[in-house]
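Participant: Sequence first, then the predicted structure, then my questions.
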Amino acid sequence: MITIKTPEEIRIIAKGGKILASIMKKLEKKVRPGITTKELDELAEELIFKSGGKCSFKGYQGFPGCLCTSINEEIVHAVPSDRVLKEGDIISLDIGMKYKGFHTDMARTLPVGRVGKGVPELIKVTKEALKIGIGETKPGNTFGDIGNAIQKYVESKGFGVIRELCGHGIGKEIHEDPQILNYGRKGTGPEVKEGMVLCLEPMVAVGDWAIARSGDGGFKTKDGSLSCHFEDTIAVTKNGAKVLTVIK
């Protein structure tokens, strides 16, 4: 069931989203060759704790960390470890926080130092795909409209849209209905309605969209090609979507 949040609930989620975005900004500044993903995770947990929040991911379905740190061909849910970031890597930082009873969730993919040819375009296209999806998230549209717009744009740029992973509703639970696909047909699926709070998260691959399990239980591209991931928490208003996790 897709829940409709009250204005007060959305205000609480918006406050949590503002805090989470400020935490992400601090994490972004720490991404560099030589740092481990475990160090990034420890900083994320410290910042969330100091803000009065709780880590959404830690303990969720057995996940041991506060931050998902997916590198290169890893798409999502990679576990923080002693792995050291190297020049030329790209890393997705995916973080969720529970604040005053409600969750927010966001992700950004960042280059580690100087990256190879074509990587900036991958990051740019994925970021723009999220923006396009948000633009389609308005009352009267369907979730098929959102997925179709994302897919059409990404594939027009020569990249593949990951199809077996998706965005989601969010609120008192980190993952709520509906599932929000990054592909689809216009006019299909449930209708977008005012008061919904959602996480859109395009996941884009340089190669094929097929996925496989990675050794730590996360997901990676089956063909080993680079992947990229952006996510924001948004609220649906009568005038369209409002992003609640804006980095300033």
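Facilitator: Done, it's in.
Participant: Mind checking what helix or strand follows the longest helix seen in the chain in sequence?
Facilitator: For the chain, the helix that runs over the most residues, judged by DSSP state H, is helix 7-30. Scanning forward in sequence from helix 7-30 by DSSP states H and E, the next helix or strand is helix 37-50.
Participant: residues making contact with the helix or strand just after that next one?
Facilitator: Per DSSP H and E, the first helix or strand lying C-terminal to helix 37-50 is strand 54-55. For strand 54-55, the external contacting residues (Cβ atoms under 8 Å, 6 or more residues apart in numbering) are 44, 45, 48, 66, 96, 97, 98, 99. To be clear about C-beta, it is placed using only N, CA and C from the backbone, and glycine gets the same treatment.
Participant: List the contacts of residue 243.
Facilitator: Shown in contact with residue 243 (Cβ under 8 Å, 6+ apart): 134, 232, 233, 234.
Participant: Mind doing that once more with 7 Å?
Facilitator: Contact partners of residue 243, counting by Cβ atoms under 7 Å, 6 or more residues apart in numbering, are 134, 232, 234.
Participant: So in terms of bridging, what pairs with it?
Facilitator: In this structure, residue 243 bridges to residue 234 when assessed by DSSP bridges.
Participant: and the gap between it and residue 47?
Facilitator: According to Cβ to Cβ, to the nearest Å, residue 243 stands 20 Å off from residue 47.
Participant: Also residue 27?
Facilitator: Distance from residue 27 to residue 47, by Cβ to Cβ: 8 Å.
Participant: residue ranges of the helices in the protein, please?
Facilitator: With DSSP H as the criterion, the chain has helices at 7-30, 37-50, 119-135, 143-156.
Participant: Out of these, which is the most enclosed?
Facilitator: Stretch with highest mean neighbour count among these: helix 143-156 (a mean of 21; mean count of other Cβ atoms under 10 Å).
Participant: quick check, nearest of the contacts of strand 54-55 to residue 210?
Facilitator: Set against residue 210, the nearest of the contacts of strand 54-55 by Cβ to Cβ is residue 96 (26.1 Å).
Participant: wait, what's in contact with the closest one?
Facilitator: 56, 57, 103, 104, 105, 174.
Participant: And for the last one, the neighbour number?
Facilitator: By that I understand residue 174. By other Cβ atoms under 10 Å, the residues close to residue 174 number 20.
Participant: you'd agree it is up against residue 61?
Facilitator: No - counting by Cβ atoms under 7 Å, residue 174 sits too far from residue 61 to count as a contact (9.9 Å).
Participant: ok so, going back, mind putting the contacts of residue 243 in CSV, distance to residue 90 and pLDDT included?
Facilitator: Shown next, in CSV, are the contacts of residue 243 (distance: Cβ to Cβ, whole Å; pLDDT from 0 to 100):
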residue, distance to residue 90, pLDDT
134, 22, 98
232, 19, 98
234, 24, 98
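Participant: Mind putting those into a markdown table with distance to residue 10?
Facilitator: Compiled in a markdown table, the contacts of residue 243 are given as follows (distance: Cβ to Cβ, whole Å):
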| residue | distance to residue 10 |
| --- | --- |
| 134 | 16 |
| 232 | 15 |
| 234 | 10 |
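Participant: hang on, the earlier thing: keep only those of the contacts of residue 96 that are in strands.
Facilitator: 103, 104, 105 (DSSP state E).
Participant: Enumerate the beta-bridge partners assigned to the second one.
Facilitator: Okay, so that is residue 104. Residues in beta-bridge contact with residue 104 (DSSP bridges): residue 97.
Participant: State the distance from it to residue 229.
Facilitator: 16 Å.
Participant: ok, those two, which is more surrounded?
Facilitator: Legend: neighbour count by other Cβ under 10 Å for residue 104 and residue 229, higher for residue 104 (30 against 26).
Participant: what's near enough to touch that one?
Facilitator: Residues near residue 104 by Cβ under 7 Å, 6+ apart: 13, 16, 17, 20, 96, 97, 170, 233, 244, 245.
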